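Chemist: Whatever this is, show me its structure:
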Amino acid sequence: LRHAAEKQAEFLQIFDAPSVTECYERKPSVLPQQALALANSTLAQTQARDLADALQTSAGRDAGKFVSQVFLQILSRRPTPEERAICIQFLFEQAARIRGQHTLKTASVGVSVPNKQSSDPDLRARENLVLVLFNHNDFVTIR
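Modeler: Numbering: from 1, shown residues only. Alright, predicted model coming up:
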């Protein structure tokens, strides 16, 4: 990635990229545009779908096992009992909503992602959970 005065990565500017002309302490900010940029980025969506598919293979249909594995992969820790319960509930509710649709469609607006959303409601719900965790503060913030 080239980040120079004449060619700055716009995506990085949203996330407080350091100035290329100064060596001062960066001032971190939390803006709504950051979450929107990450949630809607082609990179995040592609990686969320790939990771959900890979973990689906190892976790099978066990939602609890999937949640544990995705937390370890993304946040490098196990979920708390409360987080685990919320994520499992999210997976079931998302899959139910997706099943309630007559057909699954990809939005005709927004970014074009090379790997399409899954037509399997359970896997599509898992893709959504992975994307949510990519926006988790513990993933975005380096401490």
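Chemist: Residue ranges in this structure under the pLDDT threshold?
Modeler: Where the chain drops to pLDDT under 70, the residues are 1-4, 11-18, 20, 22-31, 102-115, 141-143.
Chemist: count of neighbours near residue 59?
Modeler: Residue 59 is flanked by 18 other residues according to other C-beta atoms under 10 Å. C-beta coordinates here come from the backbone N, C-alpha and C atoms, glycine included.
Chemist: Buried residues, stretch 78-87. List them.
Modeler: 79, 83-84, 87 (16 or more other C-beta atoms under 10 Å).
Chemist: Convert it to PDB, retaining C-alpha atoms only.
Modeler: Output of stretch 78-87 as PDB, limited to C-alpha atoms (Å, rounded to 0.1, in the frame of the first residue of the first chain):
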ATOM      1  CA  ARG A  78     -13.600 -16.500  23.500                       C
ATOM      2  CA  PRO A  79     -17.000 -14.900  23.700                       C
ATOM      3  CA  THR A  80     -18.500 -14.200  27.100                       C
ATOM      4  CA  PRO A  81     -21.600 -16.200  27.900                       C
ATOM      5  CA  GLU A  82     -23.700 -13.100  27.200                       C
ATOM      6  CA  GLU A  83     -22.000 -12.400  23.900                       C
ATOM      7  CA  ARG A  84     -22.400 -16.100  22.900                       C
ATOM      8  CA  ALA A  85     -26.100 -16.000  23.700                       C
ATOM      9  CA  ILE A  86     -26.600 -12.700  21.800                       C
ATOM     10  CA  CYS A  87     -24.700 -14.000  18.700                       C
END
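Chemist: Can you list the helices and strands that the lengthiest helix in the chain packs against?
Modeler: As assigned by DSSP state H, the longest helix anywhere in the chain is helix 81-100. Under the contact criterion of 3 or more C-beta pairs under 8 Å, 6 or more residues apart in numbering; DSSP states H and E, helix 81-100 touches helix 63-75, helix 121-134.
Chemist: list the helices and strands the helix or strand just after the last one packs on?
Modeler: This points to helix 121-134. For helix 121-134, the following helix or strand on the C-terminal side (DSSP states H and E) is helix 137-140. When contacts are defined as 3+ C-beta pairs under 8 Å, 6+ apart, helix 137-140 sits against helix 63-75.
Chemist: Good, wrapping up.
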